[in-house]
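Peer 1: predicted model and sequence follow; I will ask about them next.
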Amino acid sequence: MSAGSKSGSLWVQRVPGLGDVGIWVVSHAGRESLQRPAVQEWILSADRIFTERAEVASISVVPSEPANGHDRTATATDIVVAEASEAALPLCFLSGRIADLIGLSSADDRQHRPVARFEQWIETATLKGLVHLWLAAAPAVHAGSGLATSTRTVPGLQRGDRTLLVSWRPLSDESVAQPYAISLGIDAAWLLAGESGAQVFVFEMVREMVRRPEIARVVFLSNGGAVPQSLSGTPKISGASWSAVRAGRIPKLDILHRPYQPGADVNYRQYHQTARCVAVTVLDFIAYDNPSYHESRSSWRQYQRAFDEKVCLADGVFAISRYVGERLERQFAHQLSGPVRSVHLGTDHLNAPSVTESPVEPGSAIASLEQARFLLVLGSDFEHKNRDFAVKVFRDMCARGYDGHLVLAGFHLDGGSSFDRELVGAEDWVDRIVRVGAVSAPQKAWLLRRAQAVLYPTSREGFGLIPFEAAALGTPTAFVTFGPLRETLHGVSACSAWHVRSFADHVFSLIANPSAQLEQIRAAGAALTWESCVDQMLEGYRAMLSDSTLWQTEMRVVKAPGFWERVDRTMIDYARRAARKIRRLALR
């Protein structure tokens with residue numbers, strides 16, 4: 001405590017802000033400490049935050065703990081999310097915007113006030129639902145400010161499991177960084193198996209990214225450290241294992257991106273060991289909203305809680321359509337790091353010359369279709385894909401003279417599947433239905449090119465890539481226009497409802513005149529390029545890394561799970577996977 005302060009009291013002084021919001025400084029040290037360069041820099045940073053965010057009531061500046069046994073760099077700062085009641089001394093800033101709410105008045109300016117009065121201001125701010133931020137400065141920088149190195153918290157803040165640290169730099173002329181090439185990590189946990197829509201999206205996004213000078217390198221991170229086969233040998237791309245990250249053998253990356261659904265394997269502590277910032281992409285809310293896709297209602301609720309947490313802890317959230325992005329912003333208002341960036345996927349990788357086909361294997365289910373006319377349903381047997389509805393449409397068409405086959409292609413699921421009953425509506429035409437299970441990318445191309453039409457009666461999607469894939473290979477698609485399909489396929493000929501007869505009529509019309517719809521879909525996809533997608537992704541990455549915007553993440557009060565909670569979740573997930581495996585073995 002400095003000589004200019006009174007024992008048991010705090011110095012309170014109002015300083016003018018750069019904008020309309022004044023700043024009240026509360027310090028254990030006297031007025032002399034306010035003239036030090038470090039404190040002046042923190043005042044500028046606080047002013048910037050208060051001006052932009054009315055929800056922030058107070059900001060504490062406290063010494064951080066050494067990282068790996070060494071002091072942090074002289075300019076590095078961390079921010080810690082905290083409740084408004086968790087303000088800390090020796091230095092705290094209060095927003096002039098909320099002075100009347102918490103009882104600050106001109107009588108308090110340039111005065112010594114008891115600690116109890118400070119606690120009362122903070123308690124009132126908490127009751128008003130306002131937010132407090134911690135700026136945890138490097139010890140050397142903090143000591144140079146002339147402030148005491150001890151921290152008094154009102155009340156005690158429990159670090160670790162209840163908070164999340166995010167890299168940040170205070171505003172100063174020196175901290176305005178010039179653009180530089182970004183090092184990017186990709187969570188590859190779901191990208192090393194068979195092809196799915198998420199893989200198509202990620203691989204095409206990465207191919208476009210590594211062409212850009214803004215990207216220095218892309219590291220695929222997984223337990224084994226492999227690079228997906230289709231990207232093997234691509235410049236700037238490498239693989240690394242999580243064990244190498246934990247051992248400190250991988251240089252810290254700028255961004256770690258989970259570019260597909262945040263599942264049970266998301267580990268923010270591991271992510272923050274790897275990169276400065278973490279981004280997630282939300283594909284849809286399908287499993288979130290449907291309890292039948294889970295083993296029990298309790299596991300469904302657990303999935304929802306985990307999903308909420310993982311989305312809200314991210315430094316940047318992307319969605320693959322406005323349909324998904326708007327839902328995120330409505331549901332998680334004031335809990336996200338900033339506005340959701342809705343970035344449409346590209347479709348220009350689907351041009352016909354670039355698509356290779358697989359030779360037909362003799363004796364396979366696909367081989368029986370080589371000379372046949374057929375309609376195609378492509379996708380998993382999830383309930384929302386409505387394959388049972390497609391079978392009823394096929395039955396109606398056959399009853400009116402259609403003489404072709406129906407092909408159901410896509411992988412089978414353990415839960416939430418229509419597989420066991422989807423043929424019930426086929427009646428006399430069940431023998432003309434071929435189920436081929438999961439198909440490779442070349443097999444999918446073979447089926448899409450030869451089908452007369454694709455039946456895509458899905459009632460829930462995050463984007464809807466199949467009509468674009470089919471059109472690229474010259475095949476029309478029957479679908480109902482809703483949500484993201486209305487957004488990306490505006491003006492394209494579609495069915496208005498899931499009515500068997502009208503849907504069948506629509507399929508007949510597409511078979512008779514496919515070119516009209518093909519032209520419409522190709523026109524709709526002209527603006528959906530990977531170049532545009534990556535442009536928007538990079539804009540989001542730069543925003544997360546920017547000094548001028550990263551602090552916005554700290555208005556959140558979402559807490560990372562504690563150690564025992566993480567252990568409990570891991571055990572539940574293990575038991576669930578074991579039960580699924582036992583069930584599959586029993587059905588053989």
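Peer 2: Nice, I can see it.

Peer 1: after the helix or strand of the chain with the lowest mean pLDDT comes which helix or strand?
Peer 2: Every helix and strand in the chain was compared by mean pLDDT, DSSP states H and E; the lowest is strand 165-168, with a mean of 33. Per DSSP states H and E, the first helix or strand lying C-terminal to strand 165-168 is strand 182-187.

Peer 1: for the following helix or strand past that following strand, enumerate the helices and strands it packs against.
Peer 2: Sequence-wise, the next helix or strand downstream of strand 182-187 (DSSP H and E) is helix 197-209. With contacts defined as 3 or more CB pairs under 8 Å, 6 or more residues apart in numbering; DSSP states H and E, the packing partners of helix 197-209 are strand 182-187, strand 215-222, helix 530-545. Any C-beta I mention is one placed from the backbone N, CA and C, and that applies to glycine too.

Peer 1: list the buried residues for the second one?
Peer 2: It stands for strand 215-222. Neighbour counts using 16 or more other CB atoms under 10 Å place 215, 217, 218, 219, 220, 221, 222 of strand 215-222 among the buried residues.

Peer 1: how about the longest one?
Peer 2: Along helix 530-545, the positions that meet the burial threshold by neighbour count (16+ other CB under 10 Å) are 530, 532, 533, 534, 537, 538, 540, 541, 542, 543, 544, 545.

Peer 1: who are the packing partners of that helix?
Peer 2: Counting contacts by 3+ CB pairs under 8 Å, 6+ apart, helix 530-545 is packed against strand 182-187, helix 197-209, strand 253-258, strand 275-282, strand 316-319, strand 341-342, helix 547-550.

Peer 1: now the longest one, how far from the centre of its chain.
Peer 2: In this case it means helix 197-209. 15 Å (CA atoms, centre = their mean, to the nearest Å).

Peer 1: likewise for the first one?
Peer 2: Strand 182-187 sits 14 Å away from the centroid of its parent chain (CA atoms, centre = their mean).

Peer 1: which other residues reach it?
Peer 2: Residues from elsewhere that reach strand 182-187 (CB atoms under 8 Å, 6 or more residues apart in numbering): 202, 206, 209, 214-222, 251, 253-259, 266, 271, 274-275, 538, 541-542, 545.

Peer 1: what residues are up against the nearest residue to residue 235 once chain neighbours are set aside?
Peer 2: The shortest distance from residue 235 to any non-neighbouring residue, by CB to CB, 6 or more residues apart in numbering, is to residue 210 (6.3 Å). The neighbourhood of residue 210, defined by CB under 8 Å, 6+ apart, consists of 218, 234, 235, 236, 237.

Peer 1: where's the fourth one relative to residue 243, distance?
Peer 2: When you say that, I think you mean residue 236. Counting by CB to CB, to the nearest Å, the gap from residue 236 to residue 243 is 23 Å.

Peer 1: and the two? which has more neighbours close in?
Peer 2: Counted by other CB atoms under 10 Å, residue 236 and residue 243 do not tie: residue 236 has more neighbours, with 17 against 11.

Peer 1: wait, the more buried one touches residue 215, no?
Peer 2: Yes. Using CB atoms under 8 Å, residue 236 is in contact with residue 215, at 6.7 Å.

Peer 1: and residue 212, backbone torsions?
Peer 2: phi -90, psi 140 (degrees, to the nearest 10).

Peer 1: brain fart, residue 347
Peer 2: When read as degrees, to the nearest 10, the backbone of residue 347 gives phi -130, psi 0.

Peer 1: what pLDDT does the model give residue 141?
Peer 2: Per-residue confidence (pLDDT) for residue 141: 52.

Peer 1: ok, now the one 10 residues further on?
Peer 2: Reading off the per-residue confidence, residue 151 sits at a pLDDT of 52.

Peer 1: and residue 545, what does it touch?
Peer 2: The contact partners of residue 545, by CB under 8 Å, 6+ apart, come to 182, 254, 255, 276, 277.
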